[in-house]
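Undergrad: Take this sequence and fold it.
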Amino acid sequence: MKISATIITLDEERNIARAMESLRCCDEIVVVDSGSTDRTPEIAAKLGARVVDSVWPGYAKQKNYAGEQASNDWILSIDADEALSEALEGEIWQIKKSGPQFDALHYASHGPILGNGFCIRAGIRIAKCVCTTAANRSGWANMFMRA
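TA: Numbering: from 1, shown residues only. Model prediction:
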């Protein structure tokens, strides 16, 4: 099981390193940047991310575009101001070791991952994209992933 992490960014130089460093359980990190004027793309690339530039089309469309850029079937999507806790990262390592039992995992960003704490966004955040075309992949609709 290989996991691609996706992060969408705009001027996140203060957050991107923390977010990326929490993704050691991922095999690939894709950062889709919407025209940052700070050092976000430079920092992300230096830390090993594949950085893709994309004009901001809206939250759901940008999340979907980021998912389309991922090269693995399993995609973990986080925001730049989030980071996996050690406990959640450990659970992901266990799933990678033993094999997944489900096609999607979900967690609240207010719980095991560390976000800004202003809202709880619960939804599917790690999903297996089992289809062969981007048009048939699971994707984001508004703030939640749809299967």
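Undergrad: Find the residue ranges of this structure scoring beneath the pLDDT cut-off.
TA: 102-147 (pLDDT under 70).
Undergrad: Quick one: the helices in this structure, in order.
TA: Secondary structure of the chain by DSSP state H: the helices cover 16-21, 40-46, 59-69, 86-98.
Undergrad: possible to save the ones you listed as CSV with distance to Val30 and mean neighbour count?
TA: Backbone N, C-alpha and C define where each C-beta goes, glycine included. What follows is these, written out as CSV (distance: least, CB to CB, whole Å; neighbours: other CB atoms under 10 Å):
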stretch, distance to Val30, mean neighbour count
helix 16-21, 11, 20
helix 40-46, 9, 19
helix 59-69, 5, 19
helix 86-98, 17, 14
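Undergrad: would you turn those into CSV with distance to Val52?
TA: Listed next are the helices of the chain as CSV, based on distance: least, CB to CB, whole Å:
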stretch, distance to Val52
helix 16-21, 14
helix 40-46, 9
helix 59-69, 5
helix 86-98, 23
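Undergrad: quick one, which of those is nearest to Ser34?
TA: helix 59-69 (6.9 Å; CB to CB).
Undergrad: and of the helices of the chain, who's closest to Lys2?
TA: Of all those, helix 86-98 comes closest under CB to CB, at 8.3 Å.
Undergrad: what's the closest non-adjacent residue to Tyr65?
TA: The shortest distance from Tyr65 to any non-neighbouring residue, by CB to CB, 6 or more residues apart in numbering, is to Ser54 (5.7 Å).
Undergrad: Run a quick neighbour tally on the one you found.
TA: Neighbours of Ser54 under the rule other CB atoms under 10 Å: 15.
Undergrad: Would you confirm that it contacts Val31?
TA: No. Using CB atoms under 8 Å, Ser54 is not in contact with Val31, being 10.3 Å away.
Undergrad: hang on, the earlier thing: got a list of what the residue nearest to Tyr65 touches?
TA: Ser54 makes contact with Val32, Asp33, Ser34, Gln62, Tyr65, according to CB atoms under 8 Å, 6 or more residues apart in numbering.
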